[in-house]
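[1] predicted model, plus sequence, below.
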Amino acid sequence: MLEVRNLHATVAGKEVLRGIDLTVRAGEVHAIMGPNGSGKSTFASVLAGSPRYEVTAGEVTFLGEDLLGKSVEERAREGLFLGFQYPVEIPGVSMANFMKAAVAERRKHLGEEPLTSAEFLRMMREKAAIVELDSKLVSRSVNEGFSGGEKKKNEIFQMAMLSPKLAVLDETDSGLDIDALRIVATGVEKLRRPDNATVLITHYQRLLDYIVPDFVHVLYKGRIIYSGDKELAVKLEHEGYDWLINEHQ
Amino acid sequence: MEENNKLLEDLAGQDYKYGFVTDIDTDTIPRGLNERIVRAISEKKGEPAWMTEYRLRAYRHWLTMTPPRWAHLEIPEIDFQDIIYYAAPRTDPKYKSMDEVDPELKATFDKLGIPLEEQMALAGVAVDAVMDSVSVKTTYKETLADLGIVFCSMSEAIRDYPELVRKYLGSVVPYTDNFYAALNAAVFSDGSFCYIPKGVRCPMELSTYFRINAAGTGQFERTLIVADEGAYVSYLEGCTAPRRDENQLHAAVVEIVVLKDAEVKYSTVQNWYPGDREGRGGIYNFVTKRGICKGDNARLSWTQVETGSAITWKYPSCILAGDNSVGEFYSVAMTNHFQQADTGTKMIHIGRNTRSRIVSKGISAGKSQNSYRGLVRIAKGADGAKNYSQCDSLLLGDKCGAHTFPYLESSNPTAVVEHEATTSKISEEQLYYCNQRGLSTEDAVALIVGGYAREVLGKLPMEFAVEAQKLLSISLEGSVG
């Protein structure tokens, strides 16, 4: 589904990704961990096509096609979803209108008929229930006045609405209390299907109590320096990254 | 000679070309302005002597005035002697049905998205379509007539309802008010007149579509709306103009009189040609709109969506004379490219317990300049008067300007006046977030702007709100990226 080869990227002339290789197949969940500043969020942003970063080398294919030449919205319509670490507020635009426009674009891309208003509203209700998102929030402006936890739930709600092929969740667990974490994580788990895949970018092993990853990767200084299975996450939780970093250097 | 003219007319009436400028022969008078021209206009329209005199008094007063220069606008010198002050399409006599309407005229309306038939059938809107300066089509007149409602062209009103016109014309906007109001009073070509009798609720939205057509012809519309005691009317005005290189002056006057317990809602979607991307051409829209809540408990509400014109100078205002009367002003003013707008309102509180509400949403893009200018005046006797003003500005890009000029003059210590203002920008982060959900940048901007303007658009009648939202997106084309 996703093939990343020797990916290099810079921000303001500084190299932050220094040769990432990663293969994600349908049905898999990958966790990317690593110390602060290792390039985790940059990696997520580069996949989504953020204009802040410049790709200087390497290639990425998504669903068999070159990804890097495509615009942010083209990637999204093809089924690449980014769960934002810091979701953006858009005053005046209701969640319902926002999602209506987004779902319409995705369906158009898939060659599906537009939903009727009734179908759309039903879908909103169903998907909001997955993350226990207060249905009142969907009539409010996008992320405006949402608590930290509500914003993160809202990201997963949007993911559920758009049913992406690949979801990259950028520190969706950060800033969540234990209940919100459980809700968000089980929400993601419920959306797991054999034909989609998830890349979880996380600091903490605790998210992985709810979502069991097939692979755990450690990103350090812009490279994946170690890959393992879910046991690796547990080990990292107890022993930190130092042993890996020392081994790497 | 007469036969020759008739032959020419017939030929002109048959030979139509395609193109956005409607090829209808217009009956014009020479360029320039003097007493002879004023008399000629009045004569062409077959007006009574009192009207001619009124025009002449206005003209003479106009000569003593100078164009206002206080607005935050750069207005090129206008040669008032280089303007044709009257043009009437040769479409008389008027038609009884749509079949009789000039096909070229119909095609023009279609291009503007104003299918008369559909509107008549679907929306139940009575349309008094003003093509150039003379009313061409009035519908639903009979239905309205049954209720005693008068909805006709100003020319007809002067002829058929002289006592009403004489009583109210110039009573809210006297020709001494300002330079352009004086000019309008002297040369106005036509416009709409509406009278709702005592206790009558007008069952349909009244609508007039204005359009400038003849090249180099100024458009001077005059609108007068009178709601008698306990009456109600919702009036829609929408206008749009074809592309044109020459600057065109548009100086309309709208007067509204709201008597005791009556209510008038006046909505405008303004889409005059704004000039091209380099700022060439475009309409100068210098408009005086004012209403008076004359009786107690009267209500007047202005809603405007302004997207067009090269230069806009416009302050729909309310004089709240009756006790407990209410004035409202809801505005979305969008400027793009090199457009300039200086628009806002005046709320003049005279009666006791009068209330007013101002919601102004400015949107600036490109290299445009967008100013809100609003006056809230509380007179000495206006005990318990209340005003709430909210002025928001939204900036797209960093080459445009947004300005707010609020004026407050309160002579009554019991008055409560609140003013809130915000300025915001559409951020890169917002656009990126929308892009990541699959929206193109243009769609994202349209969505965000639509959301920003929602409170005002929501005040428009449904079908107008949809049209206005579309217009906002269209007007933003080319403003991003």
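    Alright, I've got the coordinates. Residues are numbered from 1 along each chain as shown, chains lettered A, B, ... in the order given.
[2] count of neighbours near the closest residue to residue A:79 other than its chain neighbours?
    The spatial neighbour of residue A:79 that comes closest, neighbours along the chain excluded (CB to CB, 6 or more residues apart in numbering or on different chains), is residue A:165 at 3.4 Å. Every C-beta, even on glycine, is put in place using the N, C-alpha and C of the backbone. When neighbours are counted by other CB atoms under 10 Å in any protein chain shown, residue A:165 registers 17.
[3] residues contacting residue A:165?
    By CB atoms under 8 Å, 6 or more residues apart in numbering or on different chains, the contact set of residue A:165 is A:1, A:26, A:62, A:63, A:78, A:79, A:80, A:195, A:196, A:197.
[4] go on, residue B:228?
    Per CB under 8 Å, 6+ apart, neighbours of residue B:228: B:195, B:196, B:197, B:198, B:199, B:200, B:259, B:262.
[5] quick one: which of those residues is most hemmed in?
    Result: residue B:196 is most packed of these (other CB under 10 Å), 30 neighbours.
[6] that residue: what's it in contact with?
    B:149, B:202, B:226, B:227, B:228, B:231, B:232, B:233, B:262.
[7] and the pLDDT at the residue nearest to residue A:79?
    pLDDT recorded at residue A:165 is 96.
[8] just the buried positions in stretch A:230-242, please.
    For stretch A:230-242, a neighbour-count test (16 or more other CB atoms under 10 Å in any protein chain shown) marks A:230, A:232, A:233, A:236, A:241 as buried.
[9] can you redo those residues as a markdown table with pLDDT?
    A markdown table is the format used below for those (pLDDT from 0 to 100):
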| residue | pLDDT |
| --- | --- |
| A:230 | 87 |
| A:232 | 87 |
| A:233 | 84 |
| A:236 | 85 |
| A:241 | 85 |
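[10] so which of those would you say is closest to chain B?
    residue A:233 (27.1 Å; CB to the nearest CB).
[11] what pLDDT does residue B:109 get?
    The model reports residue B:109 with a pLDDT of 51.
[12] buried sites along the strand or helix carrying residue A:101?
    If you go by DSSP states H and E, residue A:101 is part of helix A:95-110. Neighbour-count burial for helix A:95-110, counted by 16+ other CB under 10 Å, picks out A:95-107.
[13] and those near chain B, which?
    A:97, A:98, A:101, A:102, A:105, A:106 (CB under 8 Å from any CB of the partner chain).
[14] in contact with residue A:43: list those residues for me.
    Per CB under 8 Å, 6+ apart, neighbours of residue A:43: A:7, A:17, A:20, A:32, A:201, A:219.
[15] in CSV, list the residues you listed along with neighbour count, secondary structure and distance to residue A:172.
    Converted to CSV, the contacts of residue A:43 look like this (neighbours: other CB atoms under 10 Å in any protein chain shown; DSSP: H, G, I helix; E, B strand; the rest coil; distance: CB to CB, whole Å):
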residue, neighbour count, secondary structure, distance to residue A:172
A:7, 24, strand, 22
A:17, 27, strand, 21
A:20, 24, strand, 20
A:32, 26, strand, 12
A:201, 25, strand, 8
A:219, 22, strand, 17
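[16] what's the most distant pair in those residues?
    Using CB to CB, the two most remote members of the contacts of residue A:43 are A:7 and A:201, lying 14.8 Å apart.
[17] which one of the buried residues of helix A:95-110 is nearest residue A:226?
    Of all the buried residues of helix A:95-110, residue A:226 sits closest to residue A:106, with 35.4 Å by CB to CB.
[18] give the contact list for the closest one.
    So residue A:106 contacts A:76, A:77, A:79, A:162, A:163, B:438 (CB under 8 Å, 6+ apart).
[19] residues near the first one, how many?
    Spelled out, that is residue A:76. 26.
[20] next one: the third one
    In terms of burial, residue A:79 registers 20 neighbours under the definition other CB under 10 Å.
[21] give me the element residue B:467 is part of.
    Under the assignment here (DSSP H and E), residue B:467 is part of helix B:462-476.
[22] next, the buried residues of that helix.
    B:464, B:465, B:467, B:468, B:469, B:471, B:472, B:475, B:476.
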